[in-house]
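S.K.: model the structure of this input:
(chains A and B)
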Amino acid sequence: MNQYGMLSQLLDVVMALLLAPLLTGWLNQWRALLQNRSAPDLIQPYKVLHKLFFKESVIADHASPLFRMVPYLVFGCMTLASAIIPMLSTDLPLAPAADAIALVGLFAIARTFISLAAMDIGTAFGSLGARREMLIGFLAEPALLTVLFTSSLITRSTSLTSMVTSMSHNSFAIYPSLAFAGIAFVMVSLAENARIPVDNPATHLELTMIHEALILEYSGRHLALMEWAASLKLFAYSCIGLAIFFPWGVSTSASPLALMMALPVLVVKLAIGGALVAVIETLSAKMRIFRVPEFLATAFMLAVMGMLVHFLLGA
Amino acid sequence: MKLCGVEGQFERLPAPLPMWRASVDLKQWVGAAMAVKETGGRLLSVWGTDQRSRDGHFVISAAYAVQEGLVWLALPLGESETGFPDLSTVFPAASRMQRAMADLLGVHATGVSDTRPWLRHNAWPANYFPLHEGATGDEHFPEYPAEEYAFTQVEGDGVHEIPVGPVHAGIIEPGHFRFSVVGEKVLRLEERLGYTHKGVEKRFEQTPPLLGHRLAGRISGDSTVAYAWAYCMALESVVGVKTTESIQWVRALLLERERIANHLGDLGALGNDAGFAFGLSQFSLLKETWLRQNKKLFGHRFMMDCIVPGGADVSFSKASHDELLRQCDEVERDVHLLHSIYEEHGGLQDRFIGAGRVPPSLAAELGVCGLAGRASAQSYDLRADQPWLPYDQLDVQMVTHRNGDVAARAITRFEEIYESLRLIRKICEHLPQIMHQTKHEFAHLHGYGIGWVEGWRGDVLIALELYNGEIRRCHCHDPSWHNWPALEHAIIGNIVPDFPLINKSFNLSYSGHDL
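M.R.: Numbers count the residues shown, from 1 in each chain, chains lettered A, B, ... in the order given. A predicted model of the protein is given here:
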């Protein structure tokens, strides 16, 4: 581990923490714009976090210590996830600690605990949300893993950093297998990040909520951490997608200049990606919850097809 | 004269719609209900009056809609008698009205199994009855033990309950919904309403008759025009005032504008509840412009207090006619566009079609009325059935659909918007260039009157009894009374997350129901 590695690792995490709410704000701006209404501030998510951190945290009388612990745990999981995803640089000292499979596991830990906390309180909505979250989770995880496997087959590694390194060092080529995997990845990301058509992040209807139902009982700093973690998750997913499918611009050499250049490139890529997600969200309606398994099964099938295509074509 | 199988002394009330009133005895009361049911009539409302100081007994009233018009039957009970024959075996919709009557008046339907309170939420003790003659509504009560409301339990493997409300996550009116579910599937829904009970009917008794339209206009804000018109119709029919034709044209204009405003809002909300926020913002835009036009032309966004006894409190100019017509064109163009977007959106239609179905046979059994009824092949629309001035000159085309699902209720709204726009254009041809405020003499405030108007949700009914210049009883009936029970049936077999959408497709009033 060298100083440069330390620096890029630190930059990676700090940038993720700072930029994640901005991505959420950017997405909301586009949603509003596309829906023909005036948008909230770009920095509205920061304002919300600021407000929540200074508010009192109210906790149900019969909440167990687990309930208090979970926001920190979930936030920690998401921070760690963003630490091992090569966002700016592939020279990440922490990256060897966890490969793509462990990353999926990290998301799974967060999901499990957030669901446990929701059930801990014992309200009907918490259990309802937990049930739905697990339904989505257990269908989305295999699909996500398969997507990651497809790209590991191409790059012959399950480590995210070496995937990005070899992808960006390859001469530009179109991988048909990655096209399938890419579509599957978008579908999984929408489901995992509580976006339309699977969940509605803006809903106030308690009976239709998934993610919102899970965090319904949180308030104050706990809620702030949960919201921040949700932004981080969206940011992390976007960065995984960019790292696998559009790795160009990520610094692979140990030069500070490349690191400095990687940041604006990432911001531009995220800006485009965020706008595209907003377009998808505006164009679709939320599907019936029992259509979600079909949706995710389609994602899984596409991911498997990507793998098969790789074996058939060797590309 | 014979009406609803009853040979009796029917008094024709001097109203623009055909309405009769008669006193009946117990045998006729029961026979009439059966006869109305057999001939395909509907029960509109059941209510009671305390006449013990005047006549020494309670009087129970029922209003039926039959082919000939409206029939108001009054059943005087025996001295110190508080039981009357149950109507809910013939008309299930009567059940909750009778429970409400027991809460407010202490008069019970005999032999009913469900004797739980309906509007009384422990706000007053069980032995106090707000509609009794002696009660003022200002009483304060010492502490008394609160009663638990016994919800119907569903038992079985994996069945559990989800209580929702009365305070909801969104800014809507309060109501409690108790779902019995297995997984996501709803086995049973039980509603508990009455959270917005505010004693409107008692308040009416303390209100001067000539100010009653203001109170009526505040029963359910989204139907303020329908209620105010119904009240004025009732009052005018008691006094025998005949309003001028131009007043009636103006009132119809306001009513149709109210219908369109609500339909626009509902269509947007339907899109939003299916996660299609684009629909909400577009329709909200249309509704907002529509409401601002109301404010500009009539002085109030919801046209509250625009209909007054004997007249309409609005002013007109040539310019406002042109503006009305121009806005109709603009709205029609946009709604057509949005209609095709809704129709062609696969995801949206997947949510709409088949959700919350009320088949026509069930709708007929429950007496579902108004818009929700018309979406389930219950072809009742006062504007077409009993056209009164000016609707008799407009040839209203009733919109009906058979599917009874969310999609049917959405398309009924679209088509009713088109029809109302057409009506507004025709009405504009007849509108007066200048509104003449004719002063009517409201003397002799004594007698019975009924107002019956097709609001956007369904037919609004106001039964008015004046006694020596004072309101002795004013019963207001919202179509939601009939349609709330239908919602309980519509959700059965659907999944929990579809409930908000199904509920919105009915969009029933809490305030109008709880009074």
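
S.K.: all helices of the stretch 201-315 of chain A, in order?
M.R.: A:211-214, A:220-245, A:256-283, A:292-313 (DSSP state H, counting those that start in this stretch).

S.K.: between those helices, which one is nearest to B:Val46?
M.R.: helix A:211-214 (40.4 Å; Cβ to Cβ). C-beta coordinates here come from the backbone N, C-alpha and C atoms, glycine included.

S.K.: any idea how far B:His213 lies from A:Leu266?
M.R.: 65 Å (Cβ to Cβ, to the nearest Å).

S.K.: which one of these two has more residues nearby?
M.R.: B:His213 (27 against 20; other Cβ atoms under 10 Å in any protein chain shown).

S.K.: give me the pLDDT for that one.
M.R.: Reading off the confidence values, B:His213 has pLDDT 91.

S.K.: I'd say it and B:Gly310 touch.
M.R.: No: at 10.1 Å, B:His213 does not count as touching B:Gly310 under the criterion of Cβ atoms under 8 Å.

S.K.: overlap of the contact sets of those two?
M.R.: Both B:His213 and B:Gly310 are in contact with B:Cys232, where contact means Cβ atoms under 8 Å, 6 or more residues apart in numbering or on different chains.

S.K.: contact residues of the stretch 51-200 of chain A facing chain B?
M.R.: Within the stretch 51-200 of chain A, the positions near chain B by Cβ under 8 Å from any Cβ of the partner chain are A:Ala124, A:Phe125, A:Leu128, A:Arg131, A:Ile196, A:Pro197, A:Asn200.

S.K.: contacts only, for the residue lying closest to the last one once chain neighbours are set aside.
M.R.: Counting by Cβ to Cβ, 6 or more residues apart in numbering or on different chains, the nearest residue to A:Asn200 once its immediate chain neighbours are dropped is B:Gly275, at 4.8 Å. The neighbourhood of B:Gly275, defined by Cβ under 8 Å, 6+ apart, consists of A:Ile196, A:Pro197, A:Asn200, A:Thr203, A:Ser284, A:Ala285, A:Lys286, A:Met287, B:Gly347, B:Arg351.

S.K.: do that again at 7 Å, thanks
M.R.: B:Gly275 makes contacts with A:Ile196, A:Pro197, A:Asn200, A:Ala285, A:Lys286, as judged by Cβ atoms under 7 Å, 6 or more residues apart in numbering or on different chains.

S.K.: please apply the same query to A:Ser89.
M.R.: A:Ser8, A:Asp12, A:Val250, A:Ser251, A:Leu259, A:Ala262.

S.K.: recalculate using a threshold of 8 Å.
M.R.: A:Ser89 neighbours (Cβ under 8 Å, 6+ apart): A:Ser8, A:Leu11, A:Asp12, A:Val250, A:Ser251, A:Thr252, A:Ala258, A:Leu259, A:Ala262.

S.K.: now the phi/psi pair for it, please.
M.R.: Torsion angles at A:Ser89 (phi, psi; degrees, to the nearest 10) stand at phi -140, psi 150.

S.K.: skipping adjacent residues, who's closest to A:Ala60 in space?
M.R.: That would be A:Ile121: by Cβ to Cβ, 6+ apart, it lies 5.2 Å from A:Ala60.

S.K.: I meant to write B:Gly310 there.
M.R.: B:Gly310 sits nearest to B:His440 (Cβ to Cβ, 6+ apart), 3.6 Å away.

S.K.: for chain B, give the helix that spans the most residues.
M.R.: When chain B is parsed with DSSP state H, its longest helix is helix B:245-273.

S.K.: other SSEs contacting the next helix or strand after that helix?
M.R.: Following helix B:245-273 in sequence order, the next helix or strand is helix B:277-298 (DSSP states H and E). Helix B:277-298 makes packing contacts with helix B:245-273, helix B:318-344 when contacts are defined by 3 or more Cβ pairs under 8 Å, 6 or more residues apart in numbering or on different chains; DSSP states H and E.

S.K.: give me the residues contacting stretch B:428-445.
M.R.: Counting by Cβ under 8 Å, 6+ apart, B:209-210, B:235-236, B:238-241, B:243-247, B:249-250, B:253, B:309-318, B:321, B:324-325, B:390, B:393, B:466, B:468-470 sit against stretch B:428-445.

S.K.: quick one: pLDDT of residue 58?
M.R.: By default, I'm working from chain A. 91.

S.K.: hmm, no, I was thinking of chain B.
M.R.: For B:Phe58, pLDDT reads 90.

S.K.: same deal with A:Thr282?
M.R.: Reading off the model, A:Thr282 has pLDDT 90.

S.K.: sorry, back to before: most tightly packed of the helices and strands packed on helix B:277-298?
M.R.: helix B:245-273 (a mean of 24; mean count of other Cβ atoms under 10 Å in any protein chain shown).

S.K.: give me the neighbour count for residue 65.
M.R.: By default, I'm working from chain A. Neighbours of A:Pro65 under the rule other Cβ under 10 Å: 8.

S.K.: chain B, not that one
M.R.: 24.

S.K.: does it count as helix, strand or coil?
M.R.: Using DSSP: H, G, I helix; E, B strand; the rest coil, the structure places B:Ala65 in strand.

S.K.: is it bridged to anything, and to what?
M.R.: B:Arg42, B:Leu70 (DSSP bridges).

S.K.: tell me if I'm right that it and B:Gly41 touch.
M.R.: Yes: taking Cβ under 8 Å as the definition, B:Ala65 is a contact partner of B:Gly41 at 5.9 Å.

S.K.: if we can go back for a sec, which among the contacts of B:Gly275 count as buried?
M.R.: Among those, the ones that count as buried by 16 or more other Cβ atoms under 10 Å in any protein chain shown are A:Ile196, A:Pro197, A:Asn200, A:Ala285, A:Lys286.

S.K.: quickly note the distance from the first one to B:Leu187.
M.R.: The span separating A:Ile196 from B:Leu187 equals 29 Å under the rule Cβ to Cβ.

S.K.: ok and the residue in chain A nearest chain B?
M.R.: Nearest residue of chain A to chain B, counting by Cβ to the nearest Cβ: A:Lys286, 2.5 Å away.

S.K.: which residues sit in contact with that residue?
M.R.: A:Lys286 neighbours (Cβ under 8 Å, 6+ apart): A:Ile196, A:Pro197, A:Val198, A:Asp199, A:Asn200, A:Thr208, B:Ala274, B:Gly275, B:Phe276, B:Gly347, B:Arg351.

S.K.: okay if I get those as TSV plus distance to A:Cys239 and pLDDT?
M.R.: Shown next, in TSV, are the contacts of A:Lys286 (distance: Cβ to Cβ, whole Å; pLDDT from 0 to 100):
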residue	distance to A:Cys239	pLDDT
A:Ile196	21	85
A:Pro197	23	88
A:Val198	20	87
A:Asp199	21	86
A:Asn200	24	83
A:Thr208	29	84
B:Ala274	31	89
B:Gly275	26	87
B:Phe276	29	89
B:Gly347	28	88
B:Arg351	33	91
